[in-house]
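**Student:** take a look and give me a structure for this.
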Amino acid sequence: MVRLKDIAVQAGVSVMTVSKSLRDADDVSAATKTRIKLLAQQMGYVPDRFAQALRTGQSSLFGVVISAMTNPVFSRIMLAIEEQAHNLGYDVLLAHTLNNVEREEICIRRLLSRRVAGLFVSPVYRMSPEARVYQEIVAARIPTVILGHTAPFCHQFTNVETDDLLASYALTQHLIKLGHKRIAFFAGPAATPWTQERFEGYRRALREYGLDVDEKLIFQAGRTIEDGAKAALQMINEHSQVTAVQAINDMVAVGCLKVLLEQGIKVPEQISVAGFGNVLLSEHCRVPLTTVRQPKFTLGTAAMEAMMKLLRGEQAEPRRLPAELVIRASTAAPPAKPALKAAH
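**Tutor:** Numbers count the residues shown, from 1 in each chain. So this is what the prediction gives:
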C-alpha cells in the first residue's frame, strides 16, 4: 500500500506538504498540489478513509438501514441514494433490520460507531412513543432522513414518503366505479403508518360512495406473498361474497392471486385483485396487477436532497410525493353472481 511518506520521498517534499496538497490546503501552491496529486495517482495512492474519519470526526460514509433488499420497493430507492452518493464522493454502508427492533438497534449503533456522515433509516415501526436508539441518533447529532412515514418515536427527523392515503383512496374508487360493493381489504402490520394510511384511504372512498366498512371484509395479511396466500384462503373459507380484493401491497396481492387461480376462481372475471407499490413482479405475474405506482427512485432522490441540506446545516422539509394509479388486467366489473357465496 502506498503511503504519504512514499509520495513525499518521490516528490522531494515533506509528508505535511503531501497531506496538505491532497486536502487542497490554501497554503500550498497550485503547481505543487497539481504535481503531487498527479504523482499520487501514478503511484496508485488510495486515501485511508477510516484514518480521515478519526482526524476529522466525520467520514465520507452514509449509513442506510432498511428491512431487507428482498423488499423490491427498496431496490429503486437504494439505486437513487447510491448513485447520488457516488457522484458526491460518498460511500454507502447498508444494514438490514429484517423488521426486528433489536436488530435495528444493533444496526444503527454499529453505523454510529463508524462515524457515518448521515443516516437513512426505514424504521421498524412500534407502538411505543419513544425508542432509545433514535434518541441516541439525536444525541450524536447525525443528520438523519427517515425513508417512509414518521411515527411518534422518530418524529424529530425529516422524512420522505408517498401519499399513501390519497393513492389508496384512488384505488378503492377505481373498484367502486367498476361496480364493486363488497371489497375485501388485506391489511398489513397494524403498527405501520403505511397500513393505517392505506386503510384510511379505503375507508374514506367507501363512505364517500355510501358504502359501509364491513369488518368481516378486513383480513390481516402481513406483507409477504405467503401472508397474502393465507389471507386469501381465510377469505374463501369464510364465504364472504367478495367481488374484489384490495391488498396492502403487491406481494400480498400476488399471494392472493395465486390462491384464487389455484382454486379455479378466475381473475378478474369472478374476483378483481389490486395491489400497491408497482414492483416489477406486479406487471409480469400471470394476471398483470392493477396497482399504485410509488415514486421509488424519486423518493431516494428526495431523501438525498434532504440529506445534503442537513449536512450544510440547513433545514430540510418533509416531502410527501404523489403516487399514480396503474390499471391492468386484474380488475374488471363484478360478475352477476359472486364467486364466493355466503355460507348457508
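**Student:** can you pull out the helices in the stretch 201-344 of the chain?
**Tutor:** 225-237, 250-262, 280-284, 296-311 (DSSP state H, counting those that start in this stretch).
**Student:** redo those as CSV? Include mean neighbour count.
**Tutor:** For every residue, glycine as well, the C-beta is placed using N, CA and C. Compiled in CSV, the helices of the stretch 201-344 of the chain are given as follows (neighbours: other Cβ atoms under 10 Å):
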stretch, mean neighbour count
helix 225-237, 20
helix 250-262, 24
helix 280-284, 15
helix 296-311, 20
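**Student:** so which of these comes closest to residue 178?
**Tutor:** helix 250-262 (16.3 Å; Cβ to Cβ).
**Student:** average pLDDT across the closest one?
**Tutor:** Average pLDDT, helix 250-262: 97.
**Student:** name the helices or strands packed onto it?
**Tutor:** Secondary-structure packing of helix 250-262 (3 or more Cβ pairs under 8 Å, 6 or more residues apart in numbering; DSSP states H and E): strand 183-187, helix 225-237, strand 244-247, strand 272-274, helix 280-284.
**Student:** low-scoring stretches of the stretch 51-200 of the chain, by residue?
**Tutor:** Residues of the stretch 51-200 of the chain that meet the criterion pLDDT under 70 lie in 51-58.
**Student:** all strands for it, in order.
**Tutor:** For the stretch 51-200 of the chain, applying DSSP state E, counting those that start in this stretch gives strands covering 61-66, 91-96, 118-121, 144-147, 158-162, 183-187.
**Student:** name the helices or strands packed onto the fourth one?
**Tutor:** On a contact count with 3+ Cβ pairs under 8 Å, 6+ apart, strand 144-147 meets strand 118-121, strand 158-162, helix 296-311.
**Student:** CSV for the ones you listed, including distance to residue 204?
**Tutor:** Formatted as CSV, the helices and strands packed on strand 144-147 follow (distance: least, Cβ to Cβ, whole Å):
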stretch, distance to residue 204
strand 118-121, 29
strand 158-162, 17
helix 296-311, 24
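**Student:** between those, which one is nearest to residue 79?
**Tutor:** Using Cβ to Cβ, the helices and strands packed on strand 144-147 put helix 296-311 closest to residue 79, at 6.6 Å.
**Student:** any chance you could list what contacts that closest one?
**Tutor:** With Cβ atoms under 8 Å, 6 or more residues apart in numbering as the test, helix 296-311 has contacts from 62, 73, 75-81, 84-85, 88, 117-118, 120, 143-145, 147, 158, 160-162, 315-317, 319, 321.
**Student:** show me how the record splits the protein into domains.
**Tutor:** If you go by automatic domain parsing, the domain ranges for the chain are 1-36, 56-163+295-322, 164-294.
**Student:** the strands of the stretch 51-200 of the chain into a markdown table, with extra columns for mean neighbour count and distance to residue 210?
**Tutor:** Converted to a markdown table, the strands of the stretch 51-200 of the chain look like this (neighbours: other Cβ atoms under 10 Å; distance: least, Cβ to Cβ, whole Å):
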| stretch | mean neighbour count | distance to residue 210 |
| --- | --- | --- |
| strand 61-66 | 24 | 41 |
| strand 91-96 | 16 | 45 |
| strand 118-121 | 25 | 41 |
| strand 144-147 | 24 | 37 |
| strand 158-162 | 23 | 28 |
| strand 183-187 | 25 | 14 |
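**Student:** so what's the nearest residue to residue 110 once chain neighbours are set aside bridging to?
**Tutor:** Distances taken as Cβ to Cβ, 6 or more residues apart in numbering place residue 95 nearest to residue 110, at 7.0 Å, with adjacent residues excluded. Counting by DSSP bridges, residue 95 is bridged to residue 65.
**Student:** what's near enough to touch residue 95?
**Tutor:** 63, 64, 65, 66, 107, 108, 110, 111.
**Student:** out of these, which comes closest to residue 248?
**Tutor:** Scanning those for proximity to residue 248, where the rule is Cβ to Cβ, the winner is residue 66, at 18.1 Å.
**Student:** right, and the closest one touches residue 93 too?
**Tutor:** No. Counting by Cβ atoms under 8 Å, residue 66 stays clear of residue 93, with 11.8 Å between them.
**Student:** quick check: residue 117 touching residue 88?
**Tutor:** No. Under the criterion of Cβ under 8 Å, residue 117 makes no contact with residue 88, lying 10.1 Å away.
**Student:** more neighbours: these two, which one.
**Tutor:** Ranked by neighbour count (other Cβ atoms under 10 Å), residue 117 and residue 88 place residue 117 first, with 20 against 13.
**Student:** and the more buried one, what does it touch?
**Tutor:** 58, 59, 60, 61, 62, 90, 142, 143, 311.
**Student:** excluding sequence neighbours, find me the nearest residue to the fourth one.
**Tutor:** In other words, residue 61. residue 116 (4.8 Å).
**Student:** which residues touch residue 147?
**Tutor:** So residue 147 contacts 66, 77, 120, 121, 122, 159, 160, 299, 303 (Cβ under 8 Å, 6+ apart).
**Student:** mind putting these into CSV with distance to residue 266?
**Tutor:** CSV is the format used below for the contacts of residue 147 (distance: Cβ to Cβ, whole Å):
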residue, distance to residue 266
66, 37
77, 35
120, 43
121, 43
122, 37
159, 41
160, 39
299, 35
303, 41
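**Student:** quick one on the thing from earlier: need the helices of the stretch 201-344 of the chain in JSON lines with distance to residue 213, can you?
**Tutor:** Rendered in JSON lines, the data for the helices of the stretch 201-344 of the chain read as follows (distance: least, Cβ to Cβ, whole Å):
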{"stretch": "helix 225-237", "distance to residue 213": "16"}
{"stretch": "helix 250-262", "distance to residue 213": "19"}
{"stretch": "helix 280-284", "distance to residue 213": "26"}
{"stretch": "helix 296-311", "distance to residue 213": "30"}
